[in-house]
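Visitor: here's my sequence, what's the structure:
(one chain, ligands or ions: 1)
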Amino acid sequence: MAKKEWEKRIAFLGPEGTFTELATKELFPNDWTIPFKSIPECIEAVDAGQVDLAVVPVENALEGSVPLTIDYLFHEADLFISAEVLTPIEQNLMVHKNNVEKYEEIESVYSHPHALAQCHKYLYYHFKSVPLSQSSSTAAAAQFVAENPELCVAAIANVAAAEQYDLQIVQKNIHDFHFNHTRFFVLSKRNDRIERDEDKQQIKTTLMIKLPSDRSGALHQVLSVFAWRQINLSKIESRPLKTGLGDYFFIVELLEDENAPLMRGAMEELRTLGCSVKSLGSYYTYHQK
Ligand SMILES: O=C(O)C(=O)Cc1ccccc1
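Guide: Okay, the predicted model is just below:
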């Protein structure tokens, strides 16, 4: 496909039909979207300049963070968040059209680990002894089911994937909790934010903070830096530093612009306290309709 001059190249977790693709198309309906097989491949593509942006899942309302994304951003890449997209997630059980009649006898259910977990109760009550198989994405599971009609297996994926791979949905909306949303980050090598005035919302900044080792009260001090400036935290989470048990870094999300004087002061104070601070930038939230 020839690249048009005005298009941005945007990597997304593929293949076609993932929730990530739906989120990508929401924000970039007219750009050149390119599927990659895994989250690290999306991140590497933008890091290497092969694409302009990458869209990857980062957190689900039911299952929590996608550790691969968080850890890759901390340990492997030097990227910024240009925007986040919030997408409602509806999961469906689908089979090859040849297997619709016998779908209750499926021998395995394929999907992304988050999707399998989001349907845990449904699978427990309806397919208790059926083995679950993890795929790199929901659409990869749908593609596998489409390419193996001789296997009596099902995928959990969205309606777009059922259409893309010509599968039949046999059970709609099988996720266990009604409020099932996923956050996606739009990643860039440049620290610029995507601005679409119509649905621009609260600005947010994501910091990755490493505490000075073995000092009592260090986390309390970090939180105080934001507290007395009345900078609101919308998230705090720890992840292993991978250097030893008990060593962590913190992901802190703040409802303020990194360029605001109070935030600049906060970051400076954190460094004075011996923390290492990496800002992934400030960005707006977009809601998928
Ligand atoms: O596998 C997908 O379709 C993805 O985009 C990742 C994902 C998986 C489960 C819920 C939300 C996003």
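Visitor: which SS state does Ala162 fall under?
Guide: helix (DSSP: H, G, I helix; E, B strand; the rest coil).
Visitor: and it, what does it touch?
Guide: Ala162 is in contact with 92, 94, 142, 168-169, counting by C-beta atoms under 8 Å, 6 or more residues apart in numbering. (Glycine included, C-beta is placed from N, CA and C.)
Visitor: write the PyMOL selection for whichever of those are buried.
Guide: Under the burial definition 16 or more other C-beta atoms under 10 Å, those of the contacts of Ala162 that qualify are selected in PyMOL by:
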select buried, resi 92+94+142+169
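Visitor: save the contacts of Ala162 as TSV, and put in distance to the ligand, secondary structure and pLDDT too.
Guide: TSV is the format used below for the contacts of Ala162 (distance: C-beta to the nearest ligand atom, whole Å; DSSP: H, G, I helix; E, B strand; the rest coil; pLDDT from 0 to 100):
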residue	distance to the ligand	secondary structure	pLDDT
Asn92	12	strand	98
Met94	13	strand	98
Ala142	9	helix	98
Gln168	19	strand	98
Ile169	15	strand	98
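Visitor: what about the stretch 101-250 of the chain, any weak spots by pLDDT?
Guide: Low-confidence regions of the stretch 101-250 of the chain, defined by pLDDT under 70, span residues 198-200.
Visitor: sketch out the strands for it, chain order is fine.
Guide: All strands of the stretch 101-250 of the chain, identified by DSSP state E, counting those that start in this stretch, fall at 108-111, 132-134, 153-157, 167-171, 181-188, 204-210, 233-240, 248-254.
Visitor: just give the strands next to the fourth one in its sheet, each with its orientation.
Guide: Right, the one you point to is strand 167-171. Using DSSP bridges, the strands paired with strand 167-171 are strand 92-96 (antiparallel).
Visitor: the helices in the stretch 1-150 of the chain, which residues?
Guide: All helices of the stretch 1-150 of the chain, identified by DSSP state H, counting those that start in this stretch, fall at 19-27, 39-47, 67-75, 113-118, 120-126, 138-147.
Visitor: got those as a markdown table, with distance to Tyr286 columns?
Guide: Below are the helices of the stretch 1-150 of the chain laid out as a markdown table (distance: least, C-beta to C-beta, whole Å):
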| stretch | distance to Tyr286 |
| --- | --- |
| helix 19-27 | 6 |
| helix 39-47 | 18 |
| helix 67-75 | 18 |
| helix 113-118 | 21 |
| helix 120-126 | 29 |
| helix 138-147 | 21 |
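Visitor: for the stretch 151-289 of the chain, which residues are neighbours of the ligand?
Guide: Residues of the stretch 151-289 of the chain lying close to the ligand (C-beta under 6 Å from any ligand atom) are Thr182.
Visitor: okay, and the beta partners of the closest residue to the ligand within the stretch 151-289 of the chain?
Guide: When scored by C-beta to the nearest ligand atom, the stretch 151-289 of the chain has Thr182 as its residue closest to the ligand, at 4.0 Å. Beta-bridge partners recorded for Thr182 (DSSP bridges): Asn60, Thr87.
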